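# the sequence and its predicted three-dimensional model are supplied below.
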Amino acid sequence: MAEAESTGGEFEREPVPNSALMGPSKFWGMYAGEHCAGTEFMIGPLFLAAGASLQDVLVGLLLGNILAVLTWRYLVVPIAMAKRMTLYYQLERIGGSQMVKLYNVVNGVLFCFLAGAMVTVSSSAVGVPFNVMYEPPETTFELGTPSFTAIVLVVGLVMSVIAAAGYTTVARVANYAAPWMIAVFAAAGIVSLGQMGVDSFAKLSEGAFWSDAIAFIQSQPGGKQAFPFWQLVTFAWLCNGAMHFGMADLTIFRFARHASSGWAPAIGMFLGHYMAWIAAGLLLAAQIKLNQIANPNPGILAYSALGWTGILCVVVAGWTTANPTIYRAGLAFQGVLPKCSRVQMTLLAGAVATVAGAFPALAYKLLDFVGTYGTVLGAMGAVIFVDYWFVKRLGLTEEYAARTGMTFNWAVLLAWALPVGVSLYLMYGLDEANRVFPAYCVIPAWIACGVIYVVLSKLMQKPQPELSQLADA
């Protein structure tokens, strides 16, 4: 246990022992806090702004979130409980210490940008009492006003310190905040309906308030868009592709004592992604009806419906999303610099996230960004899936790098880079009319990565009959 003590009980480079396993309540609270959170204040309004109909939102998001929960439970949890290692350490044992450093850099940076969007969201609420607002900048990498940037720095610092305290602290914060946030989101939706005069089921089912808001947005310059049913299903399922298909939440579920903890994402998906997305969309619809303003600034939307309670909810919601995201990014950076402590690397991740949060336009591109990072990070999860379930059955060696002393497994790198490269071209390399919606690329890239890894492993692995007698590295 000396190593466990040296790592502060986080077990970054060893399996989690039985004495450190946690019950289901820790996971239900964390997933409620993480997914009934800051992103919801941005994503819900963005559905409306993109032209998604109310009926498609209600049905499409329901189906997509069911698929997401099943993916967590049956794709991630069995491997997490069998191996009890972080994503990063498992990849190191398969791909080698040098190869996985490249992945960890990409992983950590993308997680930091996601956390940065949450810093922006929380800062938008902190700025309301000080009359510090922002309009979405015209270019992606354009700073907000100096006063908004100052608020971002303070908010990012607080988030980073909490994340550096470790998983137990992150889970505790989420447990305390989640029930209250869920209630506030529900209240926001109800208040918004009242503001729009929706006082009967007939008016609700008619959905004129929603379609009128879409018509207003699309009447603005550059406002004509479409977001059809299957795009909503795919987005809801795969917006967290990095967490489930990409196996990032092996890092979380390695602490699970029971497989039933794997159902914990359900509270985040149905009360967070489903209820909260819809409630946040209603906030924008109400703002359009009352003020003819289409800017989905989270702080202003929440304040207009719930006053100071809304502001506090936005702050806490961004906080509970950023905390575990910065925590994951810190573990990724520690995989690159293993001699540095987890606390140091988490603070570094928090600093990167804070810098990203100073660029408000990034938060307005969440619909594309989460699909992109789900594709880039999700594909690598296929390597872990194949290595655990199929490699031995195909006569190959599992955890090949750890068992041979290899520091760079080219089969892993090529299997990841090729489908991701093609996907990025389809997402951003074509002219705008022909680009593929980023979330559509997650599963094809994942399948291609797994297949390529098996083929290349067949070609590159050398027979090692003595491997079965070697102790794990």
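That came through fine.
# what does the helix or strand encompassing Ser423 contact?
Element membership of Ser423 [criterion: DSSP states H and E] is helix 410-424. Residues lying outside helix 410-424 but in contact with it, judged by Cβ atoms under 8 Å, 6 or more residues apart in numbering, are 91, 94-96, 99, 102-103, 372, 375-376, 379-380, 382-383, 400, 436, 441, 444-446, 448-450, 452-453, 456-457, 459-461. Any C-beta I mention is one placed from the backbone N, CA and C, and that applies to glycine too.
# buried among those? Make that a ChimeraX selection.
Selecting just the buried residues from the contacts of helix 410-424 in ChimeraX takes one command, with 16 or more other Cβ atoms under 10 Å as the test:
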select :91,94,95,96,99,103,372,375,376,379,380,382,383,400,436,441,444,445,446,448,449,450,452,453,456,457,461
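# helix or strand, whichever it is, which one in the chain has the lowest mean pLDDT?
Among the helices and strands of the chain, helix 2-6 carries the lowest confidence by mean pLDDT, DSSP states H and E, at a mean of 37.
# in terms of contact, does Thr346 touch Ile162 like I think?
No: look at Thr346 against Ile162 with Cβ atoms under 8 Å: they stay out of range, at 9.7 Å.
# more neighbours, those two?
Taking neighbours as other Cβ atoms under 10 Å, Thr346 and Ile162 compare with Thr346 leading, 27 against 21.
# let me see the contact set for the residue lying closest to that one once chain neighbours are set aside.
Leaving aside its chain neighbours, Thr346 sits nearest to Gly330 (3.0 Å; criterion: Cβ to Cβ, 6 or more residues apart in numbering). The neighbourhood of Gly330, defined by Cβ under 8 Å, 6+ apart, consists of 108, 163-164, 342-343, 345-350.
# give me the element Gly330 is part of.
Counting by DSSP H and E, Gly330 is found in helix 308-336.
# cool, and Gly156?
helix 146-164.
# which residues does that helix contact?
By Cβ under 8 Å, 6+ apart, the residues outside helix 146-164 that reach it are 115, 118-120, 122-123, 126-127, 130, 132-134, 143-144, 169-170, 173, 315, 318-319, 322-324, 326-327, 330, 342-343, 346-347, 349-351, 353-354, 357-358, 360.
# of the residues you listed, select the buried ones using a PyMOL command.
The command below creates a PyMOL selection of those among the contacts of helix 146-164 that count as buried (16+ other Cβ under 10 Å):
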select buried, resi 115+118+119+120+122+123+126+127+132+133+134+144+170+173+315+318+319+322+323+324+326+327+330+342+343+346+347+349+350+351+353+354+357+358+360
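# so Trp237: helix, strand or coil?
helix (DSSP: H, G, I helix; E, B strand; the rest coil).
# quick one: it from Thr404, how far?
37 Å (Cβ to Cβ, to the nearest Å).
# over to Gly381?
23 Å.
# who's more crowded, those two?
Under the neighbour definition other Cβ under 10 Å, Gly381 and Thr404 were set side by side, and Gly381 has more, 29 against 17.
# quick one: low-confidence ranges for this protein?
Low-confidence segments of the chain, defined by pLDDT under 70, are located at 1-10, 33, 134-138, 166-175, 221-224, 464-473.
# all strands for it, in order.
In the chain, no strands are defined using DSSP state E.
# okay, which residue is most central for it?
Among the residues of the chain, the smallest C-alpha distance to the mean C-alpha position (Cα atoms, centre = their mean) belongs to Asn240, namely 4.9 Å.
# returning to that earlier point: okay, angle between the helix holding Gly330 and helix 146-164 too, please.
Interaxial angle, helix 308-336 versus helix 146-164 (axes from the mean of the first three to the mean of the last three Cα atoms, to 10 degrees): 60 degrees.
# and helix 308-336, how far from the chain's centre?
Relative to its parent chain, helix 308-336 has a centroid offset of 10 Å by Cα atoms, centre = their mean, to the nearest Å.
# repeat for stretch 321-338
Stretch 321-338 has its C-alpha centroid displaced from the chain centroid by 13 Å (Cα atoms, centre = their mean).
# can you tell me how far the residue lying closest to Thr354 once chain neighbours are set aside is from Pro324?
In space, and not counting its chain neighbours, Thr354 is closest to Gly156: 2.8 Å by Cβ to Cβ, 6+ apart. In this structure, Gly156 lies at 15 Å from Pro324, with Cβ to Cβ as the measure.
# just the buried positions in stretch 420-440, please.
Residues of stretch 420-440 classed as buried by neighbour count (16+ other Cβ under 10 Å): 420, 423-424, 426-427, 436-440.
# what about Pro78, neighbour count?
Close neighbours of Pro78, defined as other Cβ under 10 Å, add up to 15.
# list the contacts for the closest residue to it other than its chain neighbours?
Leaving out its chain neighbours, the residue that sits closest to Pro78 by Cβ to Cβ, 6+ apart is Ala259, at 7.6 Å. Taking Cβ under 8 Å, 6+ apart as the criterion, Ala259 is in contact with 77-78, 81.
# closest one of those to Gln225?
Distance ranking of these against Gln225, using Cβ to Cβ, places Val77 first at 36.8 Å.
# surely that closest one touches Phe253?
Yes: with contact defined as Cβ under 8 Å, Val77 counts as touching Phe253 (5.4 Å).
# measure Leu430 to Val336 for me?
From Leu430 over to Val336 the distance is 33 Å, taken as Cβ to Cβ.
# again, but for Thr354
Applying Cβ to Cβ, the value for Thr354 to Val336 is 19 Å.
# distance of the closest residue to Gly127 other than its chain neighbours relative to Ala322?
Leaving aside its sequence neighbours, Gly127 sits nearest to Ile151 (Cβ to Cβ, 6+ apart; 5.4 Å). Distance of Ile151 to Ala322, given as Cβ to Cβ: 14 Å.
# also Glu92?
Applying Cβ to Cβ, the value for Glu92 to Ala322 is 26 Å.
# run a quick neighbour tally on the residue lying closest to Met460 once chain neighbours are set aside.
When the adjacent residues along the chain are set aside, Met460 lies closest to Ala411, with 5.0 Å between them (Cβ to Cβ, 6+ apart). Neighbouring residues of Ala411 were enumerated by other Cβ under 10 Å; the total is 25.
# measure Ala411 to Lys83 for me?
Counting by Cβ to Cβ, the gap from Ala411 to Lys83 is 20 Å.
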